[in-house]
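Asker: my questions are about this predicted structure, shown below with the sequence.
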Amino acid sequence: MTVHQNILILGIGNSLLRDEGAGIHALNQLRPLLQEHQDITLLDGGTLSFTLAGAIEDASHLIVLDAAQLNQQAGHSQVFEGAQMDAFIGSNRKHSVHEVSLIDLLAVALLSDHLPQQRALIGIQPGEIDWGEEPSPAVAAAMPHICNQAMQIIEGWRT
């Protein structure tokens, strides 16, 4: 029996602040690679709001792409899955102008018993948080690797 998957890839961040928008930049790189997949939705979540709760609740699988403080070189990315993701975002709330945090959105999904069964965060170490619509050279150079990480997560879920 084949289980229907509804995969949401959510890019978050402020794309006007260079690497703060790393999640959005990665999402845009993934678009042409995944446009033929009917079971995958790519969503620009911007700086987050409660309006995203419905999309998260409707997903069976969730990948979040976001800038994260990993204490690594700019462009380094790390995958956090399931409980590891929950622990990371719960203990590493970044200071931002977001209306809500990712942990708040996941809590809404959990309380309504619609938390995606499979979830992952790809955290991307920012280098430059300053006005600009393009990522820093280090983060831009990491985009193919970040896209590959997302593709590997999806492939793992499908096997």
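Answerer: Happy to help now that I have it.
Asker: so how far is Q29 from the nearest residue to I103 once chain neighbours are set aside?
Answerer: Using CB to CB, 6 or more residues apart in numbering and skipping the chain neighbours, the partner closest in space to I103 is I89 (4.9 Å). C-beta here means a position set from N, CA and C on the backbone, and glycine is covered the same way. Separation of I89 from Q29 (CB to CB, to the nearest Å): 22 Å.
Asker: just to revisit the earlier point, so who does the residue nearest to I103 touch?
Answerer: Counting by CB atoms under 8 Å, 6 or more residues apart in numbering, I89 touches F80, S101, L102, I103, L106, L121.
Asker: which one (most neighbours) among those?
Answerer: When neighbours are counted by other CB atoms under 10 Å, L121 leads the contacts of I89 with 25 neighbours.
Asker: show me which pair in the contacts of I89 is furthest apart.
Answerer: Comparing all pairs in the contacts of I89 by CB to CB, the longest separation belongs to F80 and S101, at 15.1 Å.
Asker: related to what we said a few turns ago, of the contacts of I89, which belong to strands?
Answerer: Here DSSP state E is the test, and the contacts of I89 give F80, L121 as lying in strands.
Asker: low-confidence ranges in this structure?
Answerer: Low-confidence segments of the chain, defined by pLDDT under 70: 1-4, 92-100.
Asker: sketch out the helices for it, chain order is fine.
Answerer: Here the chain has its helices, by DSSP state H, at 22-34, 53-58, 83-91, 102-111, 137-158.
Asker: what about these, which gets the closest to A68?
Answerer: Evaluated over those, closeness to A68 peaks at helix 83-91, with 7.7 Å, by CB to CB.
Asker: the closest one vs helix 102-111, what angle?
Answerer: Between the axis of helix 83-91 and that of helix 102-111 there is an angle of 120 degrees, by axes from the mean of the first three to the mean of the last three CA atoms, to 10 degrees.
Asker: residues of helix 83-91 that come out buried?
Answerer: Buried positions in helix 83-91, judged by neighbour count with 16 or more other CB atoms under 10 Å: M85, D86, F88, I89.
Asker: the residue nearest to L70 when sequence neighbours are not counted: what's it in contact with?
Answerer: Closest residue in space to L70, ignoring its immediate chain neighbours: Q125 at 4.5 Å, by CB to CB, 6+ apart. Contacts for Q125 (CB under 8 Å, 6+ apart) come out as A67, A68, Q69, L70, N71, Q72, Q73, A74, G75, H76, S77, V139.
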